[in-house]
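Enquirer: I'd like to go over a predicted model; first the sequence, then the structure.
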Amino acid sequence: MKQIYLLLICSFMLSLLVVSYGHSLNQKLPVIDGKEVVAMVNNEPITAEDYSDALTSIVHGEIKEKPGMIDYAGIMNRMITERLLLLEAQNIGLDELPEIKKMIDDHSKSTLMKSLVKKQMVNIKSNKDWVDERLKEAVREFKITSVVFENEKDAQAMEEALMSGEEFDDLAKKAIEDGSAKERIEGQYLKNKDLLPEVSAIVSGMEVGSLSTVIAFKQGFALLRLNDIRHPENPQLKERIDRASVNIEKEIAFEKFTELLVGKYAKIDEKLLDIIDYNTSMEEFKKLLKDSRVIAAIKNEEPVTVGVLTDALEQSAYHGVEDSIRKKELNRKKREILTEILQKRVLHIEALKQGLDKTDAYKKKMMKYKRGTVLGAFIQKVVVPDIKYTAKDLEDYFQKNVENYSSPEMLRIEGLVFAERDNAENAIAKLKRGTDMKWLKANAVGLVDKDTAGVLDYNGVIINPHDLPKEAHDALSGAVANDYKLYESSEGHFYVLHVQNVYPSKPGVFEKVKKEIAEKVYNDKITEVVEDWTNQLKEHYKVEIYLKEF
C-alpha cells in the first residue's frame, strides 16, 4: 500500500510547485458556504483555499522554480484529476473497505491524541536550575599543574614533603632536576573530557588551591594542584541543553497528564493484573489471548481485557513471544504495556471531550489523509492491475533514452583570466608557439587576480562541459585535446582555456540500469492509465473551471 501510495503521489502531487500565498486571484469567483470556488467537480467545490494550499505545499523536499515557469493550469488539472478518481473510488466503495476504514480511524485517533498532547505542552519551559547546573558542568575547565613520576615511591616522597609544609612548585622543580619526576605540566585549562578518568574523578571533588593525593594511572603516578576553575560562555551549548531540558519537562508533564487522565477515566483491576502469569509456557500464553476478563474498565469505552493486553504483549515481543517467555520478560513488561494502552485510550477520550475533532485543523488533516488513502487504494486495486510491460518495452525505452544513461564527455582544462581581450589573444598566440602555461601564469601581463569576485579557477580540473557557464560551454564545443579557446564571461573577463585532454562519452550498459528503467516505465504506465481514467470520468462527471486567469 505504501509503495502504491508513493507512486500516486509521484503521479499527481510531487509536481506541485512551491510559490508564495501572494499569487492573487483577481477575477470574480463564485462563493459557496462563504468560500470562493475555483472549480467544481460533480457539484463538489475546489475552493480558492484548496488551490492556494496546492500551490504552497512542499510534498517532497523544496522545489525551486521561477514564478513565471509555474504551470498554474496544470496544477488545477491535477487537482481535478484527483477529485475525479476519488469520486470513482467512492462510487465503487473503496472508502468502505474494512482495511481503509481502520487506517482512517487509526489515523484519526493518532491525530487527535497528538493535537491534545501538543496543546497540553505548549507552555512547557525548560528547568532553569537544571540547565544552569548541566551547562556549568559541561563548560567547566580546570587549570592544573601536575608532576608525573615513574616510581610510586618517588611520588609518595613528594606527597609526604607536601604534608610537612614544603611548597609544591619547589618540590616539583627539584624532582625534575634530580630526575625522580619525568614530567611537569604547568597550568593548563582542561575540560573533564580532556582528563584521564582517574584524574577527572579526583579533580572534580577538589577546591581551588588544593593538592591531590598520589594518582596512579597507566603512564605512572602523579601529584597535582588545582590552580583555578573557570566556566567559559558557550551560547550554542546552552541552547542545546535548554532544548534537552524542555524535552525532559515535556516527558514529565506527559506522564503526569496521562496519569491524571487514567485516574479520571479508567479503573484497573490490580489484583487480576498481579496474578496473571505470562512467564509459564506458550500454551498458557495462547489461552490468555482468548481471556475476556476485564483488567481495566474505561468510561464510555470498550474495556481492556486480558486478551487485549496479551495481544499487545505479543506485538511488543520483537524476538517472538517464546523467547520472551524463556527469558521471563513478560511479567515485568505487562504493566508498562497496559499503561501504553490506557494512555492512548484516555487521550482519545479527552481529545473528544475538548472538541478537538470539531476544529478546522483536525478536519483538514483528516480530509487530506482520507483522500490520500482512498486514492492510494484506487491506484492499487484499479490502476495497477492494468499495468503491463515486457522486457522489450524496457529495451526500447533504453534505446530511445540511451543518452540519459551514458557517461558524459568530460574535459580536463586549465586556464588564464585576463582583464583585456588583447592580452588574452596575445597569450593564446604565445601558447600555440610553445610557451609554457605555468611560465605564462607567472609572467603574463593583465591577469585578473584569482580571488576576484566571479572569477572561475580552471586549474587542471576534469569537468562536464554542460556544468560550465554558457559562454565557456559554447567556446569549448567540438574541442579536441591541446586546443586553446578564448571566451568572454558575463562579468567581462577574458578566459584562455587549454584543453589538456578529452574523455569521450561512454554508452550505458542496459543490464546495469534495467531496474531503474523498469521503475520509470512502470511509473509512466501508471500515468498513462490514470490519464485514460481521467478522460473517461470527465464524460460521466461534470467538471466546471471558474478560475480562468492563472
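Expert: Looks like it came in fine. Numbering: from 1, shown residues only.
Enquirer: could you list every residue that touches residue 278?
Expert: Contact analysis of residue 278 by CB atoms under 8 Å, 6 or more residues apart in numbering lists 285, 288, 310, 313, 325, 330, 331, 334. Just so you know, the C-beta spots here come from the backbone N, C-alpha and C atoms, and that holds for glycine as well.
Enquirer: which parts of the lengthiest helix in the chain are buried?
Expert: Longest helix of the chain, by residue count under DSSP state H: helix 235-265. By 16 or more other CB atoms under 10 Å, the buried positions in helix 235-265 come out as 238, 241, 242, 245, 246, 249, 254, 257, 258, 261, 262, 265.
Enquirer: With stretch 406-426 instead?
Expert: In stretch 406-426, counting by 16+ other CB under 10 Å, buried: 410, 411, 412, 413, 414, 415, 416, 417, 418, 423, 424, 426.
Enquirer: where's the first one relative to residue 479, distance?
Expert: Right, the one you point to is residue 410. The gap separating residue 410 from residue 479 is 12 Å, by CB to CB, to the nearest Å.
Enquirer: Can you give me the domain boundaries for the protein?
Expert: 1-123+361-389+519-550, 141-230, 269-353, 407-503 (automatic domain parsing).
Enquirer: Tell me which of these sits nearest to residue 399.
Expert: Residue 399 lies closest, by CB to CB, to one member of those: domain 1-123+361-389+519-550, at 12.7 Å.
Enquirer: gap between the two ends of stretch 298-306?
Expert: Using CA to CA, to the nearest Å, one end of stretch 298-306 lies 14 Å from the other.
Enquirer: Relative to residue 158, how far out is the residue located most distally from the centre of the chain?
Expert: Taking CA atoms, centre = their mean, the residue of the chain most remote from its mean C-alpha position is residue 164, at 62.3 Å. Taken as CB to CB, the spacing of residue 164 relative to residue 158 amounts to 11 Å.
Enquirer: isn't residue 221 right next to residue 148, touching?
Expert: Yes: under the criterion of CB atoms under 8 Å, residue 221 is in contact with residue 148, at a separation of 7.3 Å.
Enquirer: so what's residue 410 closest to, chain neighbours aside?
Expert: Nearest in space to residue 410, with sequence neighbours left out and distances taken as CB to CB, 6 or more residues apart in numbering, is residue 503 at 4.2 Å.
Enquirer: repeat for residue 545
Expert: residue 39 (4.7 Å).
Enquirer: Show me what the helix or strand containing that neighbour packs onto, helices and strands only.
Expert: Here residue 39 sits within strand 35-41, counting by DSSP states H and E. Under the contact definition 3 or more CB pairs under 8 Å, 6 or more residues apart in numbering; DSSP states H and E, strand 35-41 sits against strand 44-47, helix 48-56, helix 72-91, strand 543-545.
Enquirer: nearest to residue 275, of these?
Expert: Of the helices and strands packed on strand 35-41, nearest to residue 275 by CB to CB is helix 72-91, at 49.6 Å.
Enquirer: roughly how far out does that closest one sit from the chain middle?
Expert: 30 Å (CA atoms, centre = their mean, to the nearest Å).
Enquirer: ok, then the element right after that helix?
Expert: helix 98-121.
Enquirer: So for that next one, mean pLDDT?
Expert: The pLDDT scores in helix 98-121 average 96.
Enquirer: Same question for stretch 310-324.
Expert: What stretch 310-324 shows for mean pLDDT is 90.
Enquirer: Could you tell me the end-to-end distance of that stretch?
Expert: 13 Å.
Enquirer: which residues touch it?
Expert: 278, 282, 285, 288-289, 291, 329-330, 333-334, 337-338, 340-341.
Enquirer: Among the residues you listed, which one lies nearest to residue 474?
Expert: Relative to residue 474, the closest of those is residue 340; by CB to CB it sits at 65.2 Å.
Enquirer: Not counting sequence-adjacent ones, nearest residue to the closest one?
Expert: Of all residues beyond its chain neighbours, the one nearest residue 340 is residue 312 (7.5 Å), with distances taken as CB to CB, 6+ apart.
Enquirer: Just read off the phi/psi values of the one you found.
Expert: phi -60, psi -40 (degrees, to the nearest 10).
Enquirer: what do you get for residue 460?
Expert: Dihedral angles (degrees, to the nearest 10) for residue 460: phi 70, psi 20.
Enquirer: Report how many residues lie close to it.
Expert: Neighbour count for residue 460, taken as other CB atoms under 10 Å: 12.
Enquirer: So it is in contact with residue 500, correct?
Expert: Yes: Residue 460 is within contact range of residue 500, at 6.7 Å (criterion: CB under 8 Å).
Enquirer: which residues are common contacts for these two?
Expert: In contact with both residue 460 and residue 500: 412, 413, 414, using CB under 8 Å, 6+ apart.
Enquirer: Which members of those occur in helices, if any?
Expert: Short answer: the shared contacts of residue 460 and residue 500 have none in helices (DSSP H).
Enquirer: Now pLDDT and distance to residue 371 too, for the residues you listed, in CSV please.
Expert: Listed next are these as CSV, based on pLDDT from 0 to 100; distance: CB to CB, whole Å:
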residue, pLDDT, distance to residue 371
412, 94, 53
413, 94, 53
414, 92, 57
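Enquirer: Redo the residues you listed as JSON lines? Include distance to residue 174.
Expert: Shown next, in JSON lines, are those (distance: CB to CB, whole Å):
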{"residue": "412", "distance to residue 174": "66"}
{"residue": "413", "distance to residue 174": "68"}
{"residue": "414", "distance to residue 174": "64"}
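Enquirer: Filter the residues you listed down to the ones in strands?
Expert: 412, 413, 414 (DSSP state E).
Enquirer: Residue 500 is in contact with the first one, correct?
Expert: This means residue 412. Yes: judged on CB under 8 Å, residue 412 makes contact with residue 500 at a distance of 4.4 Å.
Enquirer: tell me, what's touching those two both at once?
Expert: residue 460.
Enquirer: residue boundaries of the helices in the stretch 251-400 of the chain?
Expert: 270-275, 282-288, 306-316, 321-326, 330-353, 360-378, 391-400 (DSSP state H, counting those that start in this stretch).
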